[in-house]
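> how would this look folded up:
(2 chains)
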Amino acid sequence: MTHKELQELLPGYALNALAPDEASVLEAHLADCVLCQRELAALREVTATLAQGVAIVEPPAGLGARILGAVAPARLPRVSIPRAWVFGGAAAAVAIFIAAAGVSLSLNHRVIALRDQVAAQERILVLLATPSVRSVALTGTGQASVRLLYAPERQEGILVAANLDDPGEGFVYQLWLIAGQEPEGAGVFRSAPDRRPLMVPVAADFTRYSVIAITIERGPLGARRPTTPPILVGKLKPS
Amino acid sequence: MLSAHVGGPFQSVEAALPLGLRGALMESAGERSRGEDNLIARIAQADTDAFETLYQEYGRAVYSLVLALLRDRQAAQEVAQEVFLAIWRGARDFDPQRGNARGWILSLAHHKGVDAVRRQRVRANQALDGAEAYEPDFSSTVLRKVEGEQVRRQLLALSHEHREAIVLAYYGGYTQQEIATRLGVPLGTVKTRIRDGLIRLRSLLAPTSSETAP
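Modelled structure (predicted):
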């Protein structure tokens, strides 16, 4: 085809209305025809305006997280030891909230946070000293190291994560325990500043579940059911 | 700060407001365009923060466009995801010389949406045996997808033939050949209508595009 004939295909191409064979011939020509490139750019300004003609609909909340999760395996969070205390009681919850909001803690809150931090560390030590303690690595996308330590007969465990990315503004990490096909929410947590290590206590009858998984969900409460593919998954050993 | 003056003693400021505001908008449109080109360059370097920003800017526009084409929320989500993954993978090939980021993104969204509509249609036609062909005025059915007042007004300024061809192609997802068949006119006629219609549409948009040029 001559340049002129190819140029005449541009309007149809801008509307994605060419037959596939015409489109591929034109694409080959576009690769090195500056004139046609410019004309296409101008036509696309018109078609971009047509795109504004449609009814504006808010995408579902999980879509962004799913898309980001698909490309950003490296985006996992990090939380400092006490601040990640999500289930550790009201004082810890206050500490997390304040830390997340970037507000400096009052002295009293600092004391409470430190006390919770020590208590959390002691809990890890107790758990590690339990003869039946199990350790499961969660694997998946990203550079975070995440591990669940748990003692089945005590029905308690702690998720330890290091080098976890921020899940993004408005998003949280959500833990799931899965028995059969049915994931059950086991709490949400945020990352800590500076990718610091984080602990999340998990209380559950671990013998009931076969899989632990983490997804990114809309914060602050997470979702009833996972809305995004898990970024990290670990297999619980049958007891 | 501007709004503090409105209704206050500075009536002259209020009078000058539209113009000043317009100046600010013009400037920001040019800057935004360059900023978005830069965003694509960062995405090409696998910058996930830039990608997130791009999603915040375009997630709604892309989803809305593919939803209008597909009329199926589940399918629209899948296609929107496909579009953003194509942006992520294709950012390296983006060349600002061939048009700005906005034109590229929306064209990509339209392309993926139209592909999905055609797949949908192939399945539907197998089931319905071409029942759609009996629709009396299918271009006006398609025109119902146009809800934006401004775009609708610009389209209505075109001749019926030009509007019909453009609306069927862009919002209906029909190829030029399909349009020719459905309207019972030669393919060359459809091509001419589409070309002339887009040129006319562009001249209708011209005042806006020269204002926003850097």
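> CA only for contacts and neighbour counts going forward, please
Fine.
> Can you name the residues of chain A that neighbour chain B?
For chain A, the residues in contact with chain B (C-alpha under 8 Å from any C-alpha of the partner chain) are A:11-12, A:14-19, A:37-38, A:40-59, A:63-64, A:67-68, A:71-72, A:75.
> Next up, the contacts around A:Arg224.
In this structure, A:Arg224 makes contact with A:Gly185, judged by C-alpha atoms under 8 Å, 6 or more residues apart in numbering or on different chains.
> related to what we said a few turns ago, need the buried ones from the residues of chain A next to chain B selected in PyMOL.
Restricted to buried positions by 16 or more other C-alpha atoms under 10 Å in any protein chain shown, the PyMOL selection for the residues of chain A next to chain B reads:
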select buried, chain A and resi 11+12+14+15+16+17+18+37+40+41+42+43+44+45+46+47+48+49+50+51+52+53+54+55+56+59+63+64+67+68+71+72+75
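> where in the chain is pLDDT low?
If you meant another chain, say so; for now it's chain A. For chain A, the stretches flagged by pLDDT under 70 are A:72-113, A:116, A:238-239.
> actually it's chain B I care about, not the one you picked
B:1-32, B:124-139, B:141, B:206-214.
> Report the central residue of it.
Centroid-nearest residue in chain B: B:Leu106, 5.4 Å away (criterion: C-alpha atoms, centre = their mean).
> other SSEs contacting the strand or helix carrying it?
Here B:Leu106, judged by DSSP states H and E, is contained in helix B:101-128. For helix B:101-128, the elements it packs on are helix A:34-51, helix B:11-44, helix B:48-70, helix B:73-90, judged by 3 or more C-alpha pairs under 8 Å, 6 or more residues apart in numbering or on different chains; DSSP states H and E.
> Tell me which of those helices lies nearest to B:Thr192.
Closest to B:Thr192 of the helices and strands packed on helix B:101-128 is helix A:34-51 (C-alpha to C-alpha; 14.7 Å).
> Just the CA trace of the helix or strand following that closest one, in CSV.
Counting by DSSP H and E, the next helix or strand C-terminal to helix A:34-51 is helix A:61-71. C-alpha atoms of helix A:61-71 as CSV (Å, rounded to 0.1, in the frame of the first residue of the first chain):
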residue,chain,number,x,y,z
ALA,A,61,-13.2,-1.1,45.6
GLY,A,62,-11.1,-4.3,45.1
LEU,A,63,-10.1,-3.6,41.5
GLY,A,64,-7.3,-1.2,42.2
ALA,A,65,-5.8,-3.5,44.8
ARG,A,66,-6.0,-6.4,42.5
ILE,A,67,-4.4,-4.5,39.7
LEU,A,68,-1.6,-3.2,41.9
GLY,A,69,-1.2,-6.6,43.5
ALA,A,70,-0.7,-8.1,40.1
VAL,A,71,2.2,-5.9,39.1
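> Against which helices or strands is helix A:61-71 packed?
strand A:211-218, helix B:48-70, helix B:73-90.
> need those in CSV with distance to B:Leu158 and mean neighbour count, can you?
As requested, the helices and strands packed on helix A:61-71 are exported to CSV (distance: least, C-alpha to C-alpha, whole Å; neighbours: other C-alpha atoms under 10 Å in any protein chain shown):
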stretch, distance to B:Leu158, mean neighbour count
strand A:211-218, 44, 24
helix B:48-70, 22, 21
helix B:73-90, 30, 19
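> Of all the residues in the helix holding B:Leu106, which ones are buried?
Neighbour count says helix B:101-128 has B:101-118, B:121 buried, by 16+ other C-alpha under 10 Å.
> isn't A:Arg38 right next to B:Arg98, touching?
Yes. With contact defined as C-alpha atoms under 8 Å, A:Arg38 and B:Arg98 form a contacting pair (5.8 Å).
> In contact with A:Pro11, which residues?
Counted by C-alpha under 8 Å, 6+ apart, A:Pro11 has contacts A:40, A:43, B:191, B:194-195, B:198.
> Which is the succeeding secondary structure element to the helix or strand hosting it?
Here A:Pro11 sits within helix A:10-14, counting by DSSP H and E. Counting by DSSP H and E, the element after helix A:10-14 in chain order, helix or strand, is helix A:20-30.
> list the helices and strands that next one packs on?
Contacts defined by 3+ C-alpha pairs under 8 Å, 6+ apart place helix A:20-30 against no helix or strand at all.
> count of neighbours near the spatially closest residue to A:Tyr13 that is not a sequence neighbour?
Of all residues not flanking A:Tyr13 in the chain, A:Ala23 sits nearest, at 6.6 Å (C-alpha to C-alpha, 6 or more residues apart in numbering or on different chains). Residues lying near A:Ala23 (other C-alpha atoms under 10 Å in any protein chain shown) number 18.
> Look up how far A:Asp205 lies from A:Ala23.
Noted for A:Ala23: a distance of 59 Å to A:Asp205, by C-alpha to C-alpha, to the nearest Å.
> tell me the two of the contacts of A:Pro11 that are most distant?
A:Leu40 and B:Lys191, at 15.6 Å, using C-alpha to C-alpha across these.
> Tell me, how many residues neighbour A:Leu6?
Neighbours of A:Leu6 (other C-alpha under 10 Å): 17.
> tell me, what residue is most central in chain A?
The residue lying closest to the centre of chain A (C-alpha atoms, centre = their mean) is A:Ile216, at 3.2 Å.
> So A:Pro226, which state does it fall into?
Put simply, A:Pro226 is coil when judged by DSSP: H, G, I helix; E, B strand; the rest coil.
> what do you get for A:Val136?
Of the three states, A:Val136 takes strand according to three-state DSSP.
> I'd say it and A:Gly157 touch.
No. With contact defined as C-alpha under 8 Å, A:Val136 does not reach A:Gly157; the gap is 10.7 Å.
> which one of these two has more residues nearby?
Between A:Val136 and A:Gly157, counting by other C-alpha under 10 Å, A:Gly157 is the more crowded of the two (24 against 17).
> Now for the residue nearest to the more buried one when sequence neighbours are not counted: which residues touch it?
The shortest distance from A:Gly157 to any non-neighbouring residue, by C-alpha to C-alpha, 6+ apart, is to A:Tyr150 (3.8 Å). Contact partners of A:Tyr150, counting by C-alpha under 8 Å, 6+ apart, are A:127, A:133-135, A:156-158, A:206.
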